[in-house]
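In: give me the fold of what follows.
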Amino acid sequence: MHEIKIDDIEIKIRNANQSDLDSIANLESVCFPPEEAATRESFKRRINTFPESFFVAELDGKIVGVVNGCVTNSPAIFDEMFHDDKTHLKNGENQTIFGLLVHPDYQRKGIAEQLLNHIISVSKNRGKKAVILTCKDKLIHYYAKFGFENMGVSGSTHGGAVWYDMMLKLS
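Out: All right, here's what the predicted structure looks like:
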C-alpha cells in the first residue's frame with residue numbers, strides 16, 4: 001500500500017480485490033460512456049488474472065480512482081486484450097494501462113497522477129521495458145507530461161472511438 005497526501009486529504013493506493021467490484025464498476029460507469037466502459041464481470045476477470053497490476057485509490061474507505069492493465073509482449077494495445085485473459089503474459093515485457101480513472105468529484109487533485117506514477121514505478125521495479133496505453137486525442141498532452149510518446153493512431157477501435165497508442169520506455 002502507498003499513502004499520499006493531496007490538499008490535506010490522505011489517499012491510499014492499494015491492490016484491488018474482489019470486494020471492490022461494485023465500487024470499481026460504478027466508478028467506471030460514471031467516468032466512461034457505456035460503449036467504452038468495462039463491465040463488472042470484466043473487472044472480476046481482471047482482478048483474478050492480473051491482481052499485481054490492478055490498483056485503486058482510496059479516500060476514507062471510498063474508492064475514488066483506478067488504474068489497471070495486463071502485461072504483454074505487444075508494443076501496443078489491441079482490442080482482444082480487453083476480452084481475452086490469455087493475452088496477459090505475467091512475465092511479458094510491457095505493462096498496459098487499460099484504464100486510468102478518477103471520480104469527477106475528485107479530479108484535478110493529482111490522484112490520476114499518483115495512480116499513473118504508481119503503476120509506472122511498479123513496472124520499473126518489475127523490470128518491464130515500457131508502459132503502453134491508448135488515449136483519445138484530447139489526452140495526448142497529459143500523458144506526454146509523464147514521458148509517453150505518441151506512436152500514432154491505434155489499431156484499437158474499442159467503443160467505436162479513435163485512439164492513439166502511447167508508449168513510455170522504461171529501459
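In: quick one, helices of the protein?
Out: Remark: helices assigned in the chain by DSSP state H are 21-31, 40-49, 111-125, 140-144.
In: looking at those, which is nearest to Glu58?
Out: Among these, the nearest to Glu58 by CB to CB is helix 21-31 (9.3 Å). In short, each C-beta sits where N, CA and C put it, glycine included.
In: which positions within the closest one qualify as buried?
Out: For helix 21-31, the neighbour count (16 or more other CB atoms under 10 Å) marks 23-25, 27-28, 31 as buried.
In: can you give me the strands in this structure?
Out: 2-6, 9-15, 54-59, 62-68, 71-72, 94-97, 99-102, 130-135, 149-153, 164-169 (DSSP state E).
In: need the winner for burial among those strands.
Out: strand 94-97 (a mean of 26; mean count of other CB atoms under 10 Å).
In: so what's the gap between that strand and the chain middle?
Out: 8 Å (CA atoms, centre = their mean, to the nearest Å).
In: quick one: contacts of that strand?
Out: Under the criterion CB atoms under 8 Å, 6 or more residues apart in numbering, residues 53, 67-75, 77, 81, 116, 119, 122-123, 126, 128-133 lie in contact with strand 94-97.
In: C-alpha coordinates for that strand, PDB please?
Out: What follows is strand 94-97, C-alpha atoms only, in PDB (Å, rounded to 0.1, in the frame of the first residue of the first chain):
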ATOM      1  CA  ASN A  94       5.300  -4.300 -21.400                       C
ATOM      2  CA  GLN A  95       2.700  -3.100 -18.800                       C
ATOM      3  CA  THR A  96      -0.500  -1.900 -20.400                       C
ATOM      4  CA  ILE A  97      -2.900   0.600 -18.900                       C
END
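In: before we move on, the earlier item: can I get the buried residues of helix 21-31 in a markdown table with pLDDT and distance to Leu100?
Out: What follows is the buried residues of helix 21-31, written out as a markdown table (pLDDT from 0 to 100; distance: CB to CB, whole Å):
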| residue | pLDDT | distance to Leu100 |
| --- | --- | --- |
| Ser23 | 97 | 16 |
| Ile24 | 97 | 13 |
| Ala25 | 96 | 16 |
| Leu27 | 97 | 12 |
| Glu28 | 94 | 11 |
| Cys31 | 94 | 9 |
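In: name the nearest of those relative to Val153.
Out: Val153 lies nearest to Cys31 out of those, by CB to CB, at 22.9 Å.
In: my guess is the closest one contacts Leu100. True?
Out: No. Contact status for Cys31 versus Leu100: not in contact, 9.5 Å apart, counting by CB atoms under 8 Å.
In: tell me which of the strands of the chain lies nearest to Tyr143.
Out: Per CB to CB, nearest to Tyr143 of these: strand 164-169, 5.0 Å.
In: many thanks, we can stop here.
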